[in-house]
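> this is the structure alone, sequence omitted:
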């Protein structure tokens, strides 16, 4: 970034080309980006057209697409996706709000941090995958299990980012607040919370990602509905087309959620306070 | 970075006191656990007393079962991790160094990595069966993603000044890679490998949950759950967390050791 940017000799080009160049370059990059998937798709269709791989191992792309359309038309796909979405929303809302409260408390009070952090670390240290079988014995395999697992996954990054964000408020700002004789409430309201918003938002983003991954894990291991279950079901029935559809949906939803939050994050960074 | 002035009043509280504070909640929790299982407030099948878990642990250690499971898990963990991270570094270097390769394969890679890694398990089990191969393949996939990603980032973060200097000195392509890009990318590559190691461990357990053939910590936990042996499940989960913690610790040590030169 801070390099002494030596001007790179650009090849001289006609003006209209220069004006169109960025758009053309974007289009070209897009085309190049599509080349590899297109090649894979081609090999895949050829492979299944000439029966080089058995259909059970890799169904032809047209088959997968047809299945996608059928599942969409019958509402089956939306039903499973909806169930997954409700679970993530519930678990995330619970975990992230508890995490926010705990993170604020741990960030503001040294004593609370001292008391809670070792236990919190121990709980966070055991990965979600470890909690699933354990909690399955306590909670069964109903909705409660899913909500608790997702909430735990969402809670951890929220606590870490919130407490670090509050601790990270520049000391010099705190001094100014002292000098102005801010009350405790004013400090919280006017200084600490606004300064901690960007890191907290980063926490929200991580926790949503973690919540989504946890959803897939818990649905793979203990569920009878939802996108993760579609994968397991497809596996049992040897329906690869169903599995591929479910994988793509899981990828697309995860991508979309992260992208939206990344945009929000970028906006927040623009008014970030730095020491 | 920040001035150690007001905020955290650098603790008027003594470190020993802070340690004690940290012990309060866990000790209370364990005491409540012990009491409630002895007073039969909770069905001991759900919450076996701590000594029962210790006894199970001792039994598993003594019969050597635990080491069998742990050894099997670690072996597939490390095999998959080694394969995944070698391919990851190679892939990351290729995409980081070659703009053409990056434009061709970059978008597909970034799209594919959006699929939560666990969602690959069912399809990998169709393609590779339920035995050892499938598990190692899945662990390798899990390790590959962070390693490739961080290697790419590391290479592209090579300081532009140094790259310019290398151009001026007419370094050959190999010299550029060897003297500029690799050293610049090393910290980032190590971060990727560190993450890869942790992902690989989680992936090992996940693979063992789903493909329960053969020994392994994941298989042990699932078996405990199916037989409703809470003590076995808890033992497995503690080991799962403990191994993760140790791997993380070892990786951190190696990382700091290797990056001493940065100071």
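Nice, thanks for sending it over. Quick caveat: nothing in here was measured; it's all calculated off a predicted structure.

> and the contacts of stretch B:22-41?
With contact meaning Cβ atoms under 8 Å, 6 or more residues apart in numbering or on different chains, stretch B:22-41 is reached by A:114-119, A:122, B:42, B:44, B:47-50. Bear in mind the C-beta positions are built from the backbone N, C-alpha and C, glycine included.

> what of stretch A:47-65?
In contact with stretch A:47-65 (Cβ under 8 Å, 6+ apart) are residues A:41, A:44-46, A:238, A:240-241, A:244-245, B:126-127.

> what's the average pLDDT for the helix ranked longest in chain A?
Ranked by residue count and defined by DSSP state H, the top helix of chain A is helix A:15-49. Helix A:15-49 shows a mean pLDDT of 79.

> the helices in the chain, which residues?
Since no chain was named, I'll use chain A. Taking DSSP H as the test, the helices found in chain A are A:15-49, A:61-73, A:76-108, A:110-125, A:128-139, A:143-167, A:171-179, A:184-186, A:193-221, A:227-237, A:240-269.

> nope, chain B please
Going by DSSP H, chain B shows helices at B:15-38, B:50-62, B:65-97, B:99-112, B:120-128, B:132-156, B:160-168, B:173-175, B:182-210, B:217-226, B:230-258.

> could I get these as TSV with mean pLDDT and mean neighbour count?
Below are the helices of chain B laid out as TSV (pLDDT from 0 to 100; neighbours: other Cβ atoms under 10 Å in any protein chain shown):
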stretch	mean pLDDT	mean neighbour count
helix B:15-38	86	13
helix B:50-62	87	15
helix B:65-97	93	20
helix B:99-112	87	16
helix B:120-128	90	20
helix B:132-156	93	24
helix B:160-168	86	14
helix B:173-175	86	10
helix B:182-210	91	23
helix B:217-226	88	22
helix B:230-258	89	17
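
> got TSV for these, with distance to residue A:161 too?
Below are these laid out as TSV (distance: least, Cβ to Cβ, whole Å):
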stretch	distance to residue A:161
helix B:15-38	21
helix B:50-62	33
helix B:65-97	27
helix B:99-112	24
helix B:120-128	28
helix B:132-156	19
helix B:160-168	31
helix B:173-175	41
helix B:182-210	18
helix B:217-226	30
helix B:230-258	19
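
> near chain B, which residues of the stretch 51-200 of chain A?
By Cβ under 8 Å from any Cβ of the partner chain, the part of the stretch 51-200 of chain A that sits against chain B consists of A:56-57, A:110-111, A:114-119, A:122, A:125-127, A:129-131, A:133-134, A:136-138, A:167-172, A:174-175, A:178.

> what's the ChimeraX line that selects buried ones from those residues?
Under the burial definition 16 or more other Cβ atoms under 10 Å in any protein chain shown, those of those that qualify are selected in ChimeraX by:
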select /A:110,114,115,116,117,118,119,125,126,127,129,130,131,133,134,136,137,167,168,169,170,174
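
> related to what we said a few turns ago, drop anything exposed from the contacts of stretch A:47-65.
Counted by 16+ other Cβ under 10 Å, those give A:44, A:240-241, A:244-245, B:126 as buried.

> which non-adjacent residue is nearest residue 216?
Using chain A here. Nearest non-adjacent residue to residue A:216, counting by Cβ to Cβ, 6 or more residues apart in numbering or on different chains: residue B:116, 4.4 Å away.

> chain B is the one I meant
Nearest residue to residue B:216, sequence neighbours excluded (Cβ to Cβ, 6+ apart): residue B:208, at 4.0 Å.

> nothing else from me, thank you.
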